[in-house]
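Q: Quick check, what structure comes out for this input:
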Amino acid sequence: MSKLMSFIVYNIIVYVLYGIMDALLTAINVYSNPNLGTDLLIMPTDKDMGYIIINIVISSTLGYVLLKKLKQIL
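A: Numbers count the residues shown, from 1 in each chain. Have a look, this model is predicted:
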């Protein structure tokens, strides 16, 4: 797999993982406001930003692991 294709696949994987985890966090009411992310007037609290950063780190790490597994399969 070329570097450009790996970059594109990695970003797609991370985007999907982030969306899944964000939907899960929204479903269990972790965020301070359920409209966070859909309404631009709602600002996240420090606690919300912590959850968002944790979600980014986990999604990026899992995306990297999944990309490496995908490269081994291909």
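
Q: Give the buried residues for stretch 43-61.
A: If you call a residue buried by 16 or more other CB atoms under 10 Å, then stretch 43-61 has these buried ones: 48, 51, 52, 55, 59. No exception for glycine: its C-beta is placed from N, CA and C like everyone else's.

Q: got it, and stretch 4-15?
A: Going by 16+ other CB under 10 Å, stretch 4-15 has these buried residues: 9, 10, 13, 14.

Q: Return the subset of the buried residues of stretch 43-61 lying in helices.
A: Secondary structure from DSSP state H places 48, 51, 52, 55, 59 of the buried residues of stretch 43-61 in helices.

Q: With distance to residue 28 and pLDDT as added columns, please give those in JSON lines.
A: Formatted as JSON lines, the entries for these read as follows, by distance: CB to CB, whole Å; pLDDT from 0 to 100:
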{"residue": "48", "distance to residue 28": "14", "pLDDT": "92"}
{"residue": "51", "distance to residue 28": "11", "pLDDT": "94"}
{"residue": "52", "distance to residue 28": "15", "pLDDT": "93"}
{"residue": "55", "distance to residue 28": "13", "pLDDT": "95"}
{"residue": "59", "distance to residue 28": "17", "pLDDT": "97"}
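
Q: Need these in TSV (columns: distance to residue 42).
A: As requested, these are exported to TSV (distance: CB to CB, whole Å):
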residue	distance to residue 42
48	10
51	14
52	13
55	17
59	22
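
Q: Looking at those, spot the one nearest residue 18.
A: Ranked by distance to residue 18 (CB to CB), these are led by residue 59 at 4.2 Å.
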